[in-house]
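# Sequence and predicted structure are below.
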Amino acid sequence: MIRADLRSRLTASDLRLMVLLLGGGSAARRAAVERQLETEGPDALLDAPDLAERLRAVRTLLVPSEPLFMYVMVRQALLRAGIEDRGVADYLAALLVDFGRRDRAHRVDWNDDAQHRYLVDIVRDLESSVGERRFRVMLHLGNYALWLAGLYPDYIAARRARHGGPDLPYYDALGRRGFVMASDHELADRLGLEEVLAETAARYRAIRSALNGVSDQYFFPAAATPGRIHRAQTN
């Protein structure tokens, strides 16, 4: 199950790299950053406006871990969209990291035998699920819709043009529905996810658009699709 825990996966090496990058080669500046880390914790460094570009420009043996890179990219995109909740950034970044591994995106959980390629299959699974599995399927409906529509909007547009597949509003509607249902489930409160899921549902459209920006800027920077050009003109 995806949890809002990506910051807890950061290592001592990640913290050292942030200090090094934000220090900018100045011993005095580096000492100031180290003091900031000690007094304010890592969140102050993670929110540094120029950290994302400095991570991208790293050319040393010290490289950002996947959790560090993903959290900073997602956090900065959400801040630009006016979404300041760190828990939401933590959850969404964990979602992108975990769904990027093997076939996790197509499974309700790692140990689940069934694979779902389409949202309609997840909806069918939801209709026949009970108990804790029902909560997990609700959550997967939201996660999978947001992952696809957030990172692969051009794939969705191309599939719609070629085969008449569903459009982005369809993904938005089902994704938001999944998060709404999951946030209302008793397990969400027990797992400490109620507020994060409710906020994700409430700001779903803005979050999806922010993830489109992450996809355009970091994952597929060389693409020049009509959808991307439209997003650039409207953002």
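Sure, I can see it.

# CA atoms for contacts and neighbours, from now on please.
Noted.

# Give me the pLDDT for the residue nearest the centre of the chain.
To find the centre residue of the chain, average its C-alpha atoms and take the closest one (Cα atoms, centre = their mean): that gives Leu92, at 2.9 Å. For Leu92, the model assigns a pLDDT of 98.

# ditto for His230
pLDDT, His230: 58.

# and if you look at Leu46?
Reading off the confidence values, Leu46 has pLDDT 97.

# returning to that earlier point: now the residue nearest to the centre of the chain, what's its secondary structure?
helix (DSSP: H, G, I helix; E, B strand; the rest coil).

# Quick check, it in contact with Val74.
Yes. Counting by Cα atoms under 8 Å, Leu92 does reach Val74; the two are 7.3 Å apart.

# still on that earlier bit, identify the residues contacting the residue nearest to the centre of the chain.
Neighbouring residues of Leu92 by Cα atoms under 8 Å, 6 or more residues apart in numbering: Ala4, Val74.

# What's the separation between it and Ala222?
For Leu92, the distance to Ala222 under the criterion Cα to Cα, to the nearest Å works out to 24 Å.

# same deal with Val123?
Counting by Cα to Cα - Val123 and Ala222 are separated by 34 Å.

# ok, now Arg7?
29 Å.

# So for these two, which residue has more residues nearby?
The residue with more neighbours, out of Arg7 and Ala222, is Arg7; 21 against 9, by other Cα atoms under 10 Å.

# Output the contacting helices and strands for the longest helix seen in the chain.
Longest helix in the chain by number of residues (criterion: DSSP state H): helix 131-151. Here helix 131-151 is seen to pack against helix 86-99, helix 119-127, helix 168-184, helix 204-214 when contacts are counted using 3 or more Cα pairs under 8 Å, 6 or more residues apart in numbering; DSSP states H and E.
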